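Take this sequence and fold it.
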Amino acid sequence: MQHIGIDARLTYYRIGGISTYIRRLIHALEMLDMENQYTVFHSRKAQESLVKRFRRASLWTPCHHRLERIALSVELVRFRLDVLHSPDFIPPLRSARKHIITVHDLNFLHYPQFLTTESRRYYNDQIEGAVRQADHILADSEATKTDLVSMLAVPPEKITVHMLGVDEQFKPLPPATLAHYRQQLNLPDSYFLFVGTFEPRKNIIGLLEAYRLLRDRLPDAPALVLAGNRGWLFDETMAKIDQMNLGWYIHWRENVSQEALPALYNMATALVTPSFYEGFGFPALEAMACGTVPIVSNRSSLPEVVGEVGLQIDPDDASALSDALYHVLTDSAWRETMRQAGLARAATFTWEHTARIALSVYRI
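Numbers count the residues shown, from 1 in each chain. Take a look at the predicted model:
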């Protein structure tokens, strides 16, 4: 039996993305591993407990503090861990017999201009040391594994890929449920959908340019719903909307609840994810699970997620994205074929599978 620790402090500070990964991995491991002992480390400020069967412990060290690696090492000594899993890239200096880290993406190395100064300091300044120190690395995609090898000279045998899962709540929903959420969220009758943080890496400006081209070609095109939370340089996006005279057709929906999100996907004509870079791309997977066709960038991990479902475009080519939007609108037979293919593909992404691979790495 091993004593395995999982650093879950980030779930107090952030929602979505890595926090979703942490929550779902812990839940799957609780269902799966009856052999090892686990301690899940929460922020001392967190009221919510992420565990039902595993042990919970609270830590004082805050996430992304400049002295985090040192302070965390001191706090964790008393737990005498065999394995520590750091799902947010950067591990403490040393606090277990074996250190496992998950690297979700290297966006901060590919596009440092899209990050705040604070984020660049935390990730860019520490990632090289983190991958050297780690005994093994979990990566969300083959694209991230390739980046680790080519950009940071990590030996391939030190990296294990485990694609992530999709929650059971993402599925086709009955008409009554959809009608309820359409009214609650005040949604238009038809719309294209973007889900994610409103920040430069997500290429919202490129999406707006493509949507403007579509409206010039098809004046009665569906609205565009942008759902998520404001990120860095949000004001530039708003200025672009005003410049293009798109304000009437753009619907912002911030802080959409997890309960409402599946309905938002279900009712969309297509999900559009034109990001310059994604470590995994939850929205594309969630959309497929809801029966919605994805249009995604042909870069990073997104092609691995969607496979042959939907359309892939060059995120630098607004005209190509506009053509993809037009195709989805005008070919209903193709759209239904893609809907069925997406449902089948999404069903292959489970958190149990993700957790089984993580557990195999803990045992190495």
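
quick one: least confident helix or strand in this structure?
Least confident helix or strand, the chain: helix 117-119 with a mean of 72, by mean pLDDT, DSSP states H and E.

tell me the domain boundaries of the protein?
Per automatic domain parsing, the domain ranges recorded for the chain read 3-165+350-362, 175-346.

now the ones you listed as JSON lines including mean neighbour count?
The way it works is simple: take the backbone N, C-alpha and C, and place the C-beta from them, glycine included. JSON lines is the format used below for the domains of the chain (neighbours: other Cβ atoms under 10 Å):
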{"stretch": "domain 3-165+350-362", "mean neighbour count": "18"}
{"stretch": "domain 175-346", "mean neighbour count": "19"}
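
Next, the residues that contact stretch 143-161 from outside, please.
103-106, 109-110, 127-128, 131, 134, 136-142, 279, 300-301, 304, 357, 360-361 (Cβ atoms under 8 Å, 6 or more residues apart in numbering).

Regarding that stretch, how distant is the last residue from the first?
Using Cα to Cα, to the nearest Å, the end-to-end distance of stretch 143-161 comes to 9 Å.

strands paired with whichever strand or helix holds R56, and their directions?
Secondary structure from DSSP states H and E places R56 in strand 55-59. The strands that strand 55-59 pairs with in its sheet are strand 37-43 (parallel) (by DSSP bridges).

Point out where the stretch 1-150 of the chain drops to low pLDDT.
114-116, 120 (pLDDT under 70).

One more pass at 90, please.
13-17, 64-67, 89-90, 93-95, 107-126 (pLDDT under 90).

all strands for it, in order.
In order along the chain, the stretch 1-150 of the chain carries the following strands (DSSP state E, counting those that start in this stretch): 3-7, 37-43, 55-59, 81-86, 96-103, 136-139.

Of all these, which one comes closest to V256?
If you check each of the strands of the stretch 1-150 of the chain against V256 by Cβ to Cβ, strand 37-43 wins as the nearest, at 24.4 Å.

okay, the angle between the closest one and strand 3-7?
20 degrees (axes from the mean of the first three to the mean of the last three Cα atoms, to 10 degrees).

what does strand 37-43 contact?
1-9, 11-13, 26, 29-30, 49-51, 54-59, 62-63, 76, 79, 81.

what separates that strand from the chain centre, distance-wise?
Put simply, strand 37-43 sits 22 Å off its chain's centre (Cα atoms, centre = their mean, to the nearest Å).

can you tell me which residues contact the nearest residue to H27 once chain neighbours are set aside?
Nearest non-adjacent residue to H27, counting by Cβ to Cβ, 6 or more residues apart in numbering: W351, 7.1 Å away. Counting by Cβ under 8 Å, 6+ apart, W351 touches 24-25, 27-28, 164-165, 167.

now those residues as CSV including distance to N229?
CSV is the format used below for the contacts of W351 (distance: Cβ to Cβ, whole Å):
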residue, distance to N229
R24, 20
L25, 23
H27, 24
A28, 26
L164, 20
G165, 23
D167, 19
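
Do a quick rundown of the helices in the stretch 201-350 of the chain.
Along the stretch 201-350 of the chain, the stretches classed as helices by DSSP state H, counting those that start in this stretch are 204-217, 234-244, 261-266, 282-289, 302-306, 318-330, 332-346.

of those, which approaches A223 most closely?
Comparison of the helices of the stretch 201-350 of the chain against A223 by Cβ to Cβ identifies helix 204-217 as nearest, at 9.4 Å.

Now tell me what touches the closest one from outside.
Residues contacting helix 204-217 (Cβ under 8 Å, 6+ apart): 192, 194, 198, 221, 224, 226, 236-237, 240-241, 244, 246, 249-250, 272, 274, 315-316, 318-319, 321-322, 325-326.

try stretch 251-268
169-173, 177-178, 180-182, 184-185, 187-188, 191-193, 195, 223-230, 271, 286-287, 289-292.

Which of these fall within strands?
191-193, 195, 223-228, 271 (DSSP state E).

Having no further points to raise, I will conclude here.
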